[in-house]
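A.B. asks: sharing a model that was predicted from the sequence below.
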Amino acid sequence: MAGKEAIEVPYIFGEMLYLIRSRFVRLLSGSPQHFSLEHRVFNLFAIIGILLSLTSILCNYLLHLNVFMMVVPLLFSAMIGWVYYLSRVKGRLRIPAAFCVVGMLFFAPAVWMANGGSMGGAQYFLLVFCIIVAILYSGRTRTAILILYFAVIIGLFAFEYWHPEMIKLYDSRADRYLDVMFGFNLSALAIALLFIVLADSYRSEHERVKQYSQHLEEIATTDGQTGLLNHRFAFTRLEEEIAKARRYERKLSIIMLDIDHFKILNDTQGHQYGDYVLTQIADILKNSIRTTDSIGRYGGEEFLIICPETGLAEVYLLGNRLRTLVERESFRREMKVTISGGVAELHNDTAVQLVEKADRCLYTAKHMGRNRIGM
């Protein structure tokens, strides 16, 4: 017992940590129900871009750099903040993404030249962000953005190679390592949050698929009106129970029930009232049988109840009890509704033969005046 508790504690703690992380990330990137995965990734990288620009302003201030080195990240943060507002709050993606591409390709060269070129750190995040934005598009648009992106990258490296004097280098090694450290840490944070978004989307999608699968299973196995097993699945369940009964040499009996004068009820009271009576009787039967029993809507107003480990005398008593419950039920409009039934016990029968035996008993009960169980 102690070992089980020891295993459950870290599991529960991990689940709580996951929920906290997921809620925080969903607050920043949007929920999977309202935003696509690409849209959420874009929102997340926009937040990282804002953090990067604000961090750059702080670093440049601490390093006593010139005003230009603080104005550029300030403008960048304003642009990314506006883009994030359009994307996260207004739910728009294409326009902010296009604006972001233009902005990135404008700011990247400026930061590249003013922040140490290939020796810097913050500018690499801008270039990674540009790739992320390009991936959001498809077809020729994505190809055009990627071609432009690689052209800018090659141009920046070539420019630095041929004109190194145009690149403003760091005043000291400490300045360089401070800038690279912040750039690296923010990039690592972006990757970590990206994986959290992907994991959250996968988990959310998995839950939706699971719920959809359960819904499809319910549609395939249950009757839409009564919530009971449908004809096909009720018959399949009967075949399974017959196989078990023979394997373990146990008893098995069934009850076939039919609502008396149901056609007349529909014709005189209307089909809506008929549906109401059908549903009410289905609920009475479902709530009055054992948990080991199975019940299905076998036909229009016919019900099949499968009773494992039950003999003919026992199933006859059960059928009469169900019949009495329906007879005593107070339906709307003060209508008196009754049911008739037939019972049969498994011997050397197939599923079809067992149902036919119960059907014959049901028709015997009908001919004897209805509101009774035949055996």
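C.D. replies: Arrived safely.

A.B. asks: strands along the stretch 251-375 of the chain, start to end?
C.D. replies: 252-259, 294-297, 302-308, 339-345, 373-374 (DSSP state E, counting those that start in this stretch).

A.B. asks: same for the shortest one, what does it pack against?
C.D. replies: When contacts are defined as 3 or more Cβ pairs under 8 Å, 6 or more residues apart in numbering; DSSP states H and E, strand 373-374 sits against helix 312-328, strand 339-345, helix 351-367. C-beta: built from backbone N, CA, C; applies to glycine.

A.B. asks: Phe150 is nearest to which of those?
C.D. replies: For the helices and strands packed on strand 373-374, proximity to Phe150 was assessed by Cβ to Cβ; helix 351-367 is nearest, at 68.4 Å.

A.B. asks: sorry, back to before: can I get the strands of the stretch 251-375 of the chain in JSON lines including distance to His215?
C.D. replies: As requested, these are arranged in JSON lines below (distance: least, Cβ to Cβ, whole Å):
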{"stretch": "strand 252-259", "distance to His215": "28"}
{"stretch": "strand 294-297", "distance to His215": "19"}
{"stretch": "strand 302-308", "distance to His215": "24"}
{"stretch": "strand 339-345", "distance to His215": "31"}
{"stretch": "strand 373-374", "distance to His215": "36"}
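
A.B. asks: host element of the spatially closest residue to Ser87 that is not a sequence neighbour?
C.D. replies: Sequence neighbours aside, Pro96 is the residue nearest to Ser87 in space, at 4.5 Å (criterion: Cβ to Cβ, 6 or more residues apart in numbering). Here Pro96, judged by DSSP states H and E, is contained in helix 94-114.

A.B. asks: coming back round to it: tell me the most buried of the helices and strands packed on strand 373-374?
C.D. replies: Mean neighbour count, computed with mean count of other Cβ atoms under 10 Å, is highest for strand 339-345 among the helices and strands packed on strand 373-374, reaching a mean of 26.

A.B. asks: quick one on the thing from earlier: what residues does the residue nearest to Ser87 make contact with?
C.D. replies: By Cβ atoms under 8 Å, 6 or more residues apart in numbering, the contact set of Pro96 is 42, 46, 83-84, 86-87.

A.B. asks: out of the residues you listed, which is most surrounded?
C.D. replies: Ala46 (28 neighbours; other Cβ atoms under 10 Å).

A.B. asks: might one say that that residue is in contact with Leu86?
C.D. replies: No - checked against Cβ atoms under 8 Å, the pair Ala46 and Leu86 is beyond contact range at 9.6 Å.

A.B. asks: keeping just the C-alphas, turn the helix holding Pro96 into PDB.
C.D. replies: Output in PDB follows, covering the C-alpha atoms of helix 94-114 (Å, rounded to 0.1, in the frame of the first residue of the first chain):
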ATOM      1  CA  ARG A  94      -2.000  36.200 -41.800                       C
ATOM      2  CA  ILE A  95      -1.700  40.000 -41.500                       C
ATOM      3  CA  PRO A  96       0.400  40.000 -38.300                       C
ATOM      4  CA  ALA A  97       2.600  37.200 -39.800                       C
ATOM      5  CA  ALA A  98       3.200  39.200 -43.000                       C
ATOM      6  CA  PHE A  99       4.000  42.300 -41.000                       C
ATOM      7  CA  CYS A 100       6.300  40.300 -38.900                       C
ATOM      8  CA  VAL A 101       8.300  39.000 -41.900                       C
ATOM      9  CA  VAL A 102       8.800  42.500 -43.200                       C
ATOM     10  CA  GLY A 103       9.800  43.700 -39.700                       C
ATOM     11  CA  MET A 104      12.200  40.900 -39.000                       C
ATOM     12  CA  LEU A 105      14.000  41.300 -42.300                       C
ATOM     13  CA  PHE A 106      14.300  45.000 -41.500                       C
ATOM     14  CA  PHE A 107      15.400  44.700 -37.900                       C
ATOM     15  CA  ALA A 108      17.700  41.800 -38.300                       C
ATOM     16  CA  PRO A 109      20.300  43.700 -40.500                       C
ATOM     17  CA  ALA A 110      20.200  46.700 -38.100                       C
ATOM     18  CA  VAL A 111      20.700  44.500 -35.000                       C
ATOM     19  CA  TRP A 112      23.300  42.400 -36.900                       C
ATOM     20  CA  MET A 113      25.500  45.400 -37.600                       C
ATOM     21  CA  ALA A 114      25.000  47.200 -34.300                       C
END
